[in-house]
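Visitor: Give me a model of this one.
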Amino acid sequence: MITIDLHCDLLAFLNEKGTDVFYSKEQGQITRDLWNSGGPDLLVTAIYVSKKYLPQQKEAQALKMAGIFWQLASKGDFTPVLKKEDLYRSGKKALLGIEGGEPLENVEDLYAFYRLGVRMISLCWNFQNHLATGCYETYLGGLTLKGKELLKKANELGILLDVSHLSEGAFWEIASSTNMPLIASHSNCYRLKPHPRNLKDDALKKIAESKGVVGVNFFPEFLQSPDLKAVIEQIKYLADAIGVEHVAIGSDYLGIDKVPDGLENIGKWMNLANELEREGFTKSEKEAILGGNFARVLRQVL
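Guide: This next block holds a predicted model:
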C-alpha cells in the first residue's frame, strides 16, 4: 500500500517562511515531524508563484522553489519521484509540480522544469493568464495558442495535466486535446458544494473516462461543513458518481488558511483511513483512494 496526497503548498510556504520552519517543533499544517508521524508516503509539492512576484520575478521564484525541493531531498527528507521505479523506494517521497503556468513562457521553459523534476502542471490559477482561463473568470474561456503549444509538449514529455483551477472552457479544451489521464489534484464536487473551484458532474465523468483521478480538497469553503465527515461525504459521492477507482486525496495543506476538524495537520492525514472503514469501504477500496489510484496513473505516465 502506498498513500499519496496529490497537492500541498509546502514549497511556496517555505519560500516565504524559510526552510527552518519545516524542522520546527511547533504545530503547523506540515512539518517534517508531522509528516513522519502520520502523513502519506508521497506528497505532490507544487511550485506556486504568488501574485506579488508577477511578472518580473516569476521565473526566479519558481527556480527558488525547485531549489527548495532539491535542498530537502539532499538532506534525506524525501526521495524525489521522477520515474515509476521511485514509487517503490522506502521512506517518504515527493513529486514536483507547477500550480499556475506563469513561469512557463515557452516550450523551452517546460523542458527546463521537466529536467528539474516537474512531472505535473496546471496551466493557470483561478484567473486568466497567457496560457488558459481560470475558474474565477466570468466567461468560459479556454486555452490560448501558447497554452495549446505547451499542452502538446507536456503530452510528449509525459507531464500530467492538472485541471484544478481551470474554467469550464479550458477544462473541456484540454479534455478534448490530450490522451493523458486528467488529474484534478485538489477539487471537490459542485453538486455537494456549489463553488467555482468545484467540478460539475460532467467534468468528473470526463476525468473518469480518461482514467484519471480527482483529489478531494480539505478547504472548508469547498466542503459542506468544516469537518472530516464532509471530506468523507465528498469521497462517497465521487465513488458513487464516477467509481472508487477515480477517487484520491489532495489536501491543499499550506495553501489553505482553514482546515477541517479532524484533519488539522498532515499528522492526522491517516484519520481518513479509519473513517473510510467506518463508512463501509473495503480494504482494497480504502487503499485505492488513499494512494493506489494515483499510483496507477503515475505508473502509466512516468
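Visitor: Could you measure from the closest residue to Ile266 other than its chain neighbours over to Pro220?
Guide: Once flanking residues are discounted, Ile266 sits nearest to Gly39: 4.0 Å by C-beta to C-beta, 6 or more residues apart in numbering. (Each C-beta comes from the backbone N, C-alpha and C, glycine too.) Relative to Pro220, Gly39 is positioned 20 Å away (C-beta to C-beta, to the nearest Å).
Visitor: out of these two, which sits in the busier spot?
Guide: Between Gly39 and Pro220, Gly39 has the larger neighbour count (other C-beta atoms under 10 Å), namely 25 against 19.
Visitor: about what we covered before: wouldn't the residue nearest to Ile266 be in contact with Asn271 here?
Guide: No: using C-beta atoms under 8 Å, Gly39 makes no contact with Asn271, being 11.2 Å away.
Visitor: buried stuff in the helix ranked longest in the chain?
Guide: In the chain, ranked by residue count with DSSP state H as the criterion, the top helix is helix 58-74. Across helix 58-74, burial judged by 16 or more other C-beta atoms under 10 Å covers 58-59, 61-62, 64-66, 68-69, 72-73.
Visitor: Give the rounded mean pLDDT of it.
Guide: On average, the pLDDT along helix 58-74 is 98.
Visitor: Which strands or helices does that helix pack on?
Guide: Packing partners of helix 58-74 (3 or more C-beta pairs under 8 Å, 6 or more residues apart in numbering; DSSP states H and E): helix 10-17, strand 42-47, strand 79-80, strand 93-99, helix 107-115.
Visitor: Just say which of those is most tucked in.
Guide: strand 42-47 (a mean of 28; mean count of other C-beta atoms under 10 Å).
Visitor: ok, that strand: who's next to it in the sheet?
Guide: According to DSSP bridges, strand 42-47 forms sheet pairs with strand 4-8 (parallel), strand 93-99 (parallel).
Visitor: CA atoms of stretch 168-187 as PDB?
Guide: Extracted in PDB, the C-alpha atoms of stretch 168-187 (Å, rounded to 0.1, in the frame of the first residue of the first chain):
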ATOM      1  CA  GLU A 168     -15.000  25.100 -17.800                       C
ATOM      2  CA  GLY A 169     -14.000  26.200 -21.200                       C
ATOM      3  CA  ALA A 170     -10.300  25.500 -20.500                       C
ATOM      4  CA  PHE A 171     -11.200  22.100 -18.900                       C
ATOM      5  CA  TRP A 172     -13.100  20.900 -21.900                       C
ATOM      6  CA  GLU A 173     -10.400  22.100 -24.400                       C
ATOM      7  CA  ILE A 174      -7.800  20.200 -22.500                       C
ATOM      8  CA  ALA A 175     -10.000  17.200 -22.200                       C
ATOM      9  CA  SER A 176     -10.500  17.100 -26.000                       C
ATOM     10  CA  SER A 177      -6.800  17.600 -26.700                       C
ATOM     11  CA  THR A 178      -5.000  15.000 -24.700                       C
ATOM     12  CA  ASN A 179      -4.800  11.300 -24.400                       C
ATOM     13  CA  MET A 180      -3.200  11.500 -20.900                       C
ATOM     14  CA  PRO A 181      -5.200  10.800 -17.800                       C
ATOM     15  CA  LEU A 182      -6.700  14.000 -16.400                       C
ATOM     16  CA  ILE A 183      -5.900  14.900 -12.800                       C
ATOM     17  CA  ALA A 184      -7.900  17.300 -10.600                       C
ATOM     18  CA  SER A 185      -5.300  17.300  -7.900                       C
ATOM     19  CA  HIS A 186      -7.400  19.300  -5.300                       C
ATOM     20  CA  SER A 187     -11.000  19.800  -6.400                       C
END
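Visitor: and the end-to-end length of stretch 248-260?
Guide: One end of stretch 248-260 to the other measures 17 Å (C-alpha to C-alpha, to the nearest Å).
Visitor: What of stretch 204-220?
Guide: 20 Å.
Visitor: For it, buried residues please.
Guide: 204, 206-208, 210, 212-220.
Visitor: Same check on stretch 188-195?
Guide: Along stretch 188-195, these residues count as buried under the neighbour rule (16+ other C-beta under 10 Å): 188-190, 192-193, 195.
Visitor: So for Gly142, which of the strands paired with strand 42-47 sits nearest?
Guide: Closest approach to Gly142 among the strands paired with strand 42-47 (C-beta to C-beta): strand 93-99, 19.4 Å.
Visitor: could you check the angle helix 10-17 makes with that closest one?
Guide: Between the axis of strand 93-99 and that of helix 10-17 there is an angle of 80 degrees, by axes from the mean of the first three to the mean of the last three C-alpha atoms, to 10 degrees.
Visitor: so how far is strand 93-99 off the chain centroid?
Guide: Distance of strand 93-99 from its chain centroid, counting by C-alpha atoms, centre = their mean, to the nearest Å, is 8 Å.
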